[in-house]
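K.L.:
no sequence for this one, just the structure:
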């Protein structure tokens, strides 16, 4: 049962997370790279695409059933990989996995997870996918892949948009380190968030369990520096081809923005792509995934499963992506905000909000089923103030006129 005081949108959950987390933790989840222009543009690019209401259409019976890699899910949504989830809530990865399973959607475990692969594999009956970084230490990456196979993870999602780690100014300014380093100012913030502090005291400080299993304890100035010390800038499509030979289940490549890569992905035998700018946390000034999604659809011509992430916060956002050709949407911050606000129960509630919002859009756009979404449902009017129309027919706000709504 929900109550009037419960969050009623992902924006409400973001505000709840802001109140309940110490600043350095909230900023780690909420922030982006450099000036955070990509964060702003992700939101602007979605808002610039307007939905076309369609009535009267018989939408008395509506379904969100979606098939991905041969398995049917309850809605076209995936909880994507998010690192250090236990900083939001103890055993955060397990809570996210259990909520996803209860909602009937996949959960993607991060290589920067704060639970073990075994713990997540045992968390409920839902579909689990494994995200992978190709580290300098390839033996570590290989062990993660092999353990995922042994534990029954259903797909592998390898992230490629991290030749170097993006510069996270909020983390640097906050002195966000791993392990946490407590200054007087941070301790003062801690005292203002007793609920979070008590949970962390009981559970213990979060550790990157998957990485620690192969690397041992690591101390760095920022999380980005830890990742930078392990990421391999030499990763290329040849590495993906070798991974394809090793992993026999669905293989997804995450972090592509250039539609020209579709042909190479097809030639290797990749099963899906996640069109993503890493939620604005890597390349500042990058195009929004929704900007280039139609070009990926044209290049793929139905031969790849196309997923999309970065900035999605509502059912209408999901509908925009479906209409432009995505098979499903991955979310990250949206469920982290809910996790910070109330653990597994809040994540499940947030997923329910997104499902209900998408249902409203279905009813008002005439999409009784997910397959009924089509590009004609999306408009980017030339009358939009300051709009710039791209060759793909999209319209974008100038970034300077927008407030940040990550």
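P.N.:
Alright, I've got the coordinates. Remember, it's a predicted structure, so these values are computed and weren't measured experimentally.
K.L.:
for residue 78, helix, strand, or coil?
P.N.:
strand (DSSP: H, G, I helix; E, B strand; the rest coil).
K.L.:
ok, residue 296 to residue 50 distance?
P.N.:
Distance of residue 296 to residue 50, computed by CB to CB, to the nearest Å: 21 Å. In short, each C-beta sits where N, CA and C put it, glycine included.
K.L.:
So for these two, which sits in the more crowded spot?
P.N.:
For residue 296 versus residue 50, neighbours defined as other CB atoms under 10 Å are more numerous around residue 296 (23 against 15).
K.L.:
tell me which element that one is part of?
P.N.:
In the assignment (DSSP states H and E), residue 296 maps to helix 289-300.
K.L.:
what residues does that helix touch?
P.N.:
For helix 289-300, contacts defined as CB atoms under 8 Å, 6 or more residues apart in numbering pick out 42, 45-46, 49, 257-260, 262-263, 266, 273, 275-277, 306, 308-311, 320-321, 324-326, 375, 390, 392-394, 396.
K.L.:
can you check stretch 279-287 too?
P.N.:
The contact list for stretch 279-287 (CB under 8 Å, 6+ apart) reads 31-39, 41-42, 161-162, 165-166, 168, 255, 257, 277, 309-311, 332-333, 406.
K.L.:
give me that answer again for 7 Å
P.N.:
32-39, 42, 161-162, 166, 168, 257, 277, 309-310, 332-333 (CB atoms under 7 Å, 6 or more residues apart in numbering).
K.L.:
And for stretch 78-86?
P.N.:
28, 92-93, 96, 100, 105-110, 112-114, 131, 157, 206, 223, 307, 309, 328, 330-332, 335-336, 339.
K.L.:
phi, psi of the residue sitting furthest away from the middle of the chain?
P.N.:
Here the chain reaches farthest from its C-alpha mean at residue 56, the gap being 35.0 Å by CA atoms, centre = their mean. For residue 56, the backbone dihedrals (degrees, to the nearest 10) come out as phi -90, psi 140.
K.L.:
on that earlier part again, restricted to helices, list the contacts of stretch 78-86.
P.N.:
Among the contacts of stretch 78-86, DSSP state H puts 28, 92-93, 96, 100, 223, 335-336, 339 in helices.
K.L.:
Tell me the most packed of these, by neighbour count.
P.N.:
Neighbour max across the ones in helices among the contacts of stretch 78-86 (other CB under 10 Å) = residue 96, 33 neighbours.
K.L.:
was I right about it contacting residue 347?
P.N.:
Yes: with contact defined as CB atoms under 7 Å, residue 96 reaches residue 347; the gap is 6.0 Å.
K.L.:
where do the contact lists of those two overlap?
P.N.:
Counting by CB under 7 Å, 6+ apart, the residues touching both residue 96 and residue 347 are 335, 339.
K.L.:
circling back: of the contacts of helix 289-300, which belong to strands?
P.N.:
Cross-referencing those against strands under DSSP state E gives 273, 275, 306, 308, 396.
K.L.:
Buried among those? Make that a PyMOL selection.
P.N.:
Selection of buried members from those for PyMOL, criterion 16 or more other CB atoms under 10 Å:
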select buried, resi 273+275+306+308+396
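K.L.:
Show me which of the contacts of helix 289-300 are buried.
P.N.:
The neighbour-count test (16+ other CB under 10 Å) applied to the contacts of helix 289-300 identifies 42, 45-46, 49, 257, 259, 262, 273, 275-277, 306, 308-311, 320-321, 324-326, 394, 396 as buried.
K.L.:
returning to that earlier point: between the ones in strands among the contacts of helix 289-300, which is nearest residue 19?
P.N.:
Using CB to CB, residue 308 is the member of the ones in strands among the contacts of helix 289-300 that lies nearest residue 19, at 29.9 Å.
K.L.:
Now do the contacts for that closest one.
P.N.:
274-275, 289-290, 293, 321, 326, 329.
K.L.:
Let me see the mean pLDDT of the one helix or strand residue 229 maps to.
P.N.:
Under the criterion of DSSP H and E, residue 229 resides in helix 223-230. Mean pLDDT, helix 223-230: 67.
K.L.:
now swap in stretch 193-201 and tell me
P.N.:
Mean predicted confidence for stretch 193-201 is 92.
K.L.:
who's in contact with that stretch?
P.N.:
20-22, 90, 190.
K.L.:
coming back round to it: looking at the ones in strands among the contacts of helix 289-300, which one is closest to residue 135?
P.N.:
Minimum distance to residue 135 across the ones in strands among the contacts of helix 289-300 is 21.5 Å, recorded for residue 273 (CB to CB).
K.L.:
and the gap between that closest one and residue 333?
P.N.:
For residue 273, the distance to residue 333 - CB to CB - is 21 Å.
K.L.:
With residue 171 instead?
P.N.:
From residue 171 across to residue 333, the span is 15 Å (CB to CB).
K.L.:
Check residue 148 too.
P.N.:
Distance from residue 148 to residue 333, by CB to CB: 24 Å.
K.L.:
same question, residue 283
P.N.:
Residue 283 sits 17 Å away from residue 333, taking CB to CB as the criterion.
K.L.:
And these two? Which one has more around it.
P.N.:
residue 333 (26 against 16).
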